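> Fold the following for me, if possible:
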Amino acid sequence: MDMRFEFPVAEGVQGGRKFYTACVPFNALARLLAIDTGNVLDRSQRAVDPKRAKAISKYICDNSGSFVLPALTGVVEDPSLEFKPTSKGSAVGMLSLSMDAAIKLFDGQHRATGILDAITIKKEQLKNQQVTIQLFINMTLQDRQQAFSDINSNAKAVSTSLNLAYNKRNQQAQQFNELIDMVDSWQGAIDYENNIVKQGSTMLFSFRHVVDANQLLLGLKKGEQPDELQLVKASNWWNNIAEFAGWTLDADKRAQSRTSLITLNAVGLMVLARIGAAVLASTTSANAVAAALSKIDWSRSGDFWQGNVVSADGNLVTKSSAQAEAANNIVQCMELKPAEPPKVNVKGMDAGHAEDFYSLVGMPEELTITPFSKASFKGWRCGSSQLFIYGKSDNNTAFITFKKVRDGSPLCYPVLHAFYVKRLSDPTIDIGEFKTWAEAEQAAAEFLAAKVAA
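Predicted coordinates:
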C-alpha cells in the first residue's frame, strides 16, 4: 500500500502559478525537506550558515511557549501530488503527497534548519508545533532561482532601532526607552525608525545610538539591565549637559547645526557617554563637569577633535577608538578624582543616616521649587518632575517625589510622597503623603529597612 502524507491546505494562484499553503508539524518537516545543496548554480538557495540556523533554534527553544516563524516558501516535486477539495469548487482541502515527495525551499532555509535542530533538543515540546509552507508546483531550477532573487531583491532589513524598540524581551532596551522620558531634551527627538539620523532631520539621535551610549555611560554589557539608581544617574548626566550640547535648541536650529556641532551627531553622543562614565566613577558632580565642558569648542573645527573624531578632510570618524581618544583627552584635562568604593549598610539606615546613602551617590543639588521660592528639597531632577532617591539595597529602593497639587484655587501647594519599588517592572507601593522632607525621609528609611530585613 502506498503510504502518503496528507495535509489540510488552501489552494491559490500567484503570478500565474498554482500554489498550496499548508501547516506542517515540525516532526514531519525533516521527512519532507530536501536541503538544496551542491554547486551554487545548481541550487536555488544560499548555503546554510550554521550560526544563523543555531540562533533560530535557540530562539525557538528559549521561547517554546511563544514564538513566531514566518512561512517557508518552496517547490514540491511529486508527480503523484493530488489536491482533494472539501467540496466541489472549494479552494480548501487536503493535499496528498507521496512519502518520496521532496520540498526544495527558495525562502526560509535557515528557519527550516533551525526548526530541525530545535526538535532534536525539545522533541516532546515541539513535535506538534506547526510551520506554514507555501508550496508551488511545476517550477524549474531557473524558475526557483528567479523567485529567490525576486524575494531577496525586494526585501529590506528592519532597522536595529525599530527592532530594539519593539523587542519586549530586551529589558535593557525597554529601560533605556523609559530613560528617554527622564531627559527633557530627548522628548520627541529620538528616531525609532532609522539607525542613523539623516542630515536634515529634526531628530537628535537614533534609538540604537541611545542604547549604545547608555551602555557606555553605565558600563553595561549588551542585555545587562540597569537598576533604578543607574537610570537616575544617567538621566542626571544627560540633563546636565543638554544645554551646551545644543540639544535644547529648537528642532529646526538643531537640524541646521548638525553639520557644525559634534554633539548633534552620534559620534559626539558616544564621546559624551565615555566622559560621563569617567565622571560617574569620580567624586566630581555632573553639574560641575557640565560647566567645564560648556567652555570647550564643540564645533568640528575645534582643536580637541582634530586627528581623532574629525579627519583631515573634516569628516567625522565613527571608529570607537577615535571616540575613546577624544573622551580621554578631555577627561585627563579635568583631573577627576576617583570615588572610594561604597560601603553602605542600608539595613542599619534611618533618617539620621541619610549621609551613608549620599556618600554613595554624592550629595544632591538643592532644587528650588517655584512658585515657592523658600521651598527647596534635596534631589535629582529627572525629566519634568522631581525625583528624590533616598535609599537602596540590592533591588530595593525607597524614593520620594515632589508634586504640586491644586486645591481648587489658582495656587498650588507642595506634597511629598514616599514610595517603595523592588524592580522597575513592579508597581510602586505608596508609603504615604508628607508635609516635610524630614517626615518623608523618616518614613522611607523605616519602610526600606523593614523590607530589607524581611
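> CA atoms for contacts and neighbours, from now on please.
Noted.
> Quick check on Lys221: phi, psi?
Main-chain dihedrals, Lys221, degrees, to the nearest 10: phi -80, psi 170.
> For my notes, confirm Tyr20 occurs in a helix.
No: counting by DSSP: H, G, I helix; E, B strand; the rest coil, one finds Tyr20 to be strand, located in no helix.
> you'd agree it is up against Leu135?
Yes: using C-alpha atoms under 8 Å, Tyr20 is in contact with Leu135, at 5.1 Å.
> Alpha carbons of stretch 65-84, as PDB, please.
In PDB, the C-alpha atoms belonging to stretch 65-84 read as follows (Å, rounded to 0.1, in the frame of the first residue of the first chain):
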ATOM      1  CA  GLY A  65       5.700  28.800  24.600                       C
ATOM      2  CA  SER A  66       5.600  32.000  22.500                       C
ATOM      3  CA  PHE A  67       7.500  32.200  19.200                       C
ATOM      4  CA  VAL A  68       6.700  33.400  15.700                       C
ATOM      5  CA  LEU A  69       8.100  32.000  12.500                       C
ATOM      6  CA  PRO A  70       7.300  33.400   9.000                       C
ATOM      7  CA  ALA A  71       6.200  31.000   6.300                       C
ATOM      8  CA  LEU A  72       8.700  28.800   4.400                       C
ATOM      9  CA  THR A  73       8.400  29.000   0.600                       C
ATOM     10  CA  GLY A  74       9.400  26.400  -1.900                       C
ATOM     11  CA  VAL A  75       8.500  23.900  -4.700                       C
ATOM     12  CA  VAL A  76       7.100  20.500  -4.100                       C
ATOM     13  CA  GLU A  77       8.300  17.800  -6.500                       C
ATOM     14  CA  ASP A  78       5.800  14.900  -6.600                       C
ATOM     15  CA  PRO A  79       4.300  13.600  -9.900                       C
ATOM     16  CA  SER A  80       1.500  11.900  -7.800                       C
ATOM     17  CA  LEU A  81       0.500  15.100  -5.900                       C
ATOM     18  CA  GLU A  82      -3.200  15.300  -5.500                       C
ATOM     19  CA  PHE A  83      -5.400  18.100  -4.100                       C
ATOM     20  CA  LYS A  84      -8.800  16.900  -2.700                       C
END
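> and that stretch, what's its mean pLDDT?
Across stretch 65-84, pLDDT averages out at 91.
> List of residues touching it?
With C-alpha atoms under 8 Å, 6 or more residues apart in numbering as the test, stretch 65-84 has contacts from 59-60, 93-98, 100-109, 111-112, 131-139, 144.
> tell me which element the residue lying closest to Met270 once chain neighbours are set aside falls in.
Of all residues not flanking Met270 in the chain, Ala213 sits nearest, at 5.4 Å (C-alpha to C-alpha, 6 or more residues apart in numbering). Applying DSSP states H and E as the criterion places Ala213 in helix 207-218.
> Mind listing what's buried along the helix or strand that that helix is followed by?
Counting by DSSP H and E, the next helix or strand C-terminal to helix 207-218 is helix 228-245. Residues of helix 228-245 classed as buried by neighbour count (16 or more other C-alpha atoms under 10 Å): 228, 230-242, 244-245.
> Find the pair from the residues you listed with maximum spatial separation.
Glu228 and Phe244 (26.3 Å; C-alpha to C-alpha).
> which helices and strands does the helix or strand containing Asp252 pack with?
Assigned by DSSP H and E, Asp252 belongs to helix 251-257. Helices and strands touching helix 251-257, as assessed by 3 or more C-alpha pairs under 8 Å, 6 or more residues apart in numbering; DSSP states H and E, are absent.
> any idea of the mean pLDDT in it?
Averaged across helix 251-257, pLDDT comes to 91.
> Low-confidence stretches in the stretch 201-350 of the chain?
Low-confidence segments of the stretch 201-350 of the chain (pLDDT under 70): 337-350.
> Beyond the helix or strand harbouring Ala28, next helix or strand please.
For Ala28, the host element (DSSP H and E) is helix 26-32. The first helix or strand that comes after helix 26-32 along the chain, using DSSP H and E, is helix 50-62.
> following that following helix, which helix or strand comes up?
Downstream of helix 50-62 (by DSSP H and E), the next one is strand 72-77.
> And for Trp305, nearest residue in space, chain neighbours not counted?
Closest residue to Trp305 apart from its sequence neighbours, by C-alpha to C-alpha, 6+ apart: Ala326 at 6.5 Å.
> Pick out the residue nearest the middle of this structure.
Residue closest to the mean C-alpha point of the chain, counted by C-alpha atoms, centre = their mean, is Ala173 at 2.6 Å.
> For that one, give me its contacts.
164-165, 167, 211, 223.
> same thing but 6 Å
Residues near Ala173 by C-alpha atoms under 6 Å, 6 or more residues apart in numbering: none.
> now the helix or strand hosting it: mean pLDDT?
In this structure, Ala173 sits in helix 171-180 according to DSSP H and E. Mean pLDDT, helix 171-180: 94.
> And stretch 148-163, by the same measure?
For stretch 148-163, the per-residue pLDDT averages 85.
> Using CSV, write down the CA coordinates of it.
Output of stretch 148-163 as CSV, limited to C-alpha atoms (Å, rounded to 0.1, in the frame of the first residue of the first chain):
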residue,chain,number,x,y,z
PHE,A,148,14.9,33.5,-4.8
SER,A,149,16.3,36.6,-6.5
ASP,A,150,12.9,38.4,-6.6
ILE,A,151,12.2,37.8,-2.9
ASN,A,152,15.7,39.0,-1.7
SER,A,153,15.9,41.9,-4.1
ASN,A,154,12.7,43.4,-2.7
ALA,A,155,13.4,42.5,0.9
LYS,A,156,14.5,45.3,3.3
ALA,A,157,16.1,44.6,6.7
VAL,A,158,14.4,46.1,9.7
SER,A,159,16.5,48.8,11.3
THR,A,160,18.2,47.9,14.6
SER,A,161,16.5,50.9,16.2
LEU,A,162,13.0,49.7,15.4
ASN,A,163,13.9,46.1,16.4
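> quick one, domains of the chain?
Using automatic domain parsing, the domain parsing of the chain gives 4-154, 160-334, 346-453.
> Of the ones you listed, which stretch is the most buried?
domain 160-334 (a mean of 18; mean count of other C-alpha atoms under 10 Å).
> okay, how far is it across that domain, tip to tip?
Length of domain 160-334, first residue to last, C-alpha to C-alpha, to the nearest Å: 35 Å.
> Distance from that domain to the middle of the chain?
Put simply, domain 160-334 sits 16 Å off its chain's centre (C-alpha atoms, centre = their mean, to the nearest Å).
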